[in-house]
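Q: Sequence and predicted structure below; questions after.
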Amino acid sequence: GAVVSQHPSWVICKSGTSVKIECRSLDFQATTMFWYRQFPKQSLMLMATSNEGSKATYEQGVEKDKFLINHASLTLSTLTVTSAHPEDSSFYICSARDNRGGNTIYFGEGSWLTVV
Amino acid sequence: QQPVQSPQAVILREGEDAVINCSSSKALYSVHWYRQKHGEAPVFLMILLKGGEQKGHDKISASFNEKKQQSSLYLTASQLSYSGTYFCGTESGGGADGLTFGKGTHLIIQP
């Protein structure tokens, strides 16, 4: 079964509104979670690293004021797309590192965001 | 820096073998392999850590050549379910960073 869960699976929102996406590690604690964005037929691009109890680390070119990340607990990270625009429409995927053994990084199911 | 994957695409008949390569210009700490089907999230296949190792399960295996900073994924006796896009994700830090993914290799298995 899934070890990282993402919600919602898909969301449609109006331009200018904000959307929150949740990422949960189900059976392990994740001090670090990662947020990716994937446009159709392209690779996954790392947006930011979410650190429990501290500020997220954003990749170059990613606006931290637009993509708000909160990692309030060891099992939950949230990504809020603020003032969404149609160009923000994409597949957003989170992942979490399982440090219990093997250092495997598991991905959530992904969230399709469509801004109209 | 994004790792380079090759080939970009490959079409096979069921039962044939395939090799997908991933190379980096940076010293790597680990290489992670995933398969993604259209509209779905990537599914973890395996991870290889520096030290040069080879792993495998069922008919999918992989190797990591630390000296060359290259990894290869081997699919033997391919099945229809192997179709999808394969991505390698690399880490150059000490295992605390996110992955940098290659552009992917599209694999189509025909009956």
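A: Okay, I see it. Residues are numbered from 1 along each chain as shown, chains lettered A, B, ... in the order given.
Q: lowest average confidence, helix or strand, in chain B?
A: Lowest mean confidence among the helices and strands of chain B (mean pLDDT, DSSP states H and E): strand B:54-57, at a mean of 71.
Q: Residue numbers of chain A in contact with chain B?
A: When proximity is defined as C-beta under 8 Å from any C-beta of the partner chain, chain A approaches chain B at A:6, A:32, A:34, A:36, A:42-46, A:49, A:93, A:95, A:97, A:102-110. Heads up, the C-betas are built off the backbone N, CA and C, glycines and all.
Q: now, which of these lie within strands?
A: Counting by DSSP state E, the residues of chain A next to chain B place A:6, A:32, A:34, A:36, A:45-46, A:49, A:93, A:95, A:97, A:104-107 in strands.
Q: would you turn those residues into CSV with pLDDT and neighbour count?
A: Listed next are those as CSV, based on pLDDT from 0 to 100; neighbours: other C-beta atoms under 10 Å in any protein chain shown:
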residue, pLDDT, neighbour count
A:Q6, 95, 22
A:T32, 89, 19
A:F34, 95, 25
A:Y36, 96, 26
A:M45, 95, 17
A:L46, 94, 20
A:T49, 93, 19
A:I93, 96, 25
A:S95, 94, 31
A:R97, 86, 23
A:T104, 84, 17
A:I105, 87, 25
A:Y106, 90, 20
A:F107, 93, 25
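Q: Spatially, which two of these are the most separated?
A: Pairwise distances across these (C-beta to C-beta) peak at 20.7 Å, for the pair A:M45 and A:T104.
Q: Now tabulate the ones in strands among the residues of chain A next to chain B in a markdown table and tack on distance to B:T76.
A: Formatted as a markdown table, those follow (distance: C-beta to C-beta, whole Å):
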| residue | distance to B:T76 |
| --- | --- |
| A:Q6 | 33 |
| A:T32 | 35 |
| A:F34 | 31 |
| A:Y36 | 30 |
| A:M45 | 31 |
| A:L46 | 31 |
| A:T49 | 36 |
| A:I93 | 29 |
| A:S95 | 28 |
| A:R97 | 29 |
| A:T104 | 23 |
| A:I105 | 25 |
| A:Y106 | 25 |
| A:F107 | 25 |
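Q: Now the element after the helix or strand of chain A at the bottom of the mean pLDDT ranking, going C-ward?
A: In chain A, the helix or strand scored least confidently by mean pLDDT, DSSP H and E is strand A:104-107, which has a mean of 88. Later in the chain than strand A:104-107, the nearest helix or strand by DSSP states H and E is strand A:111-115.
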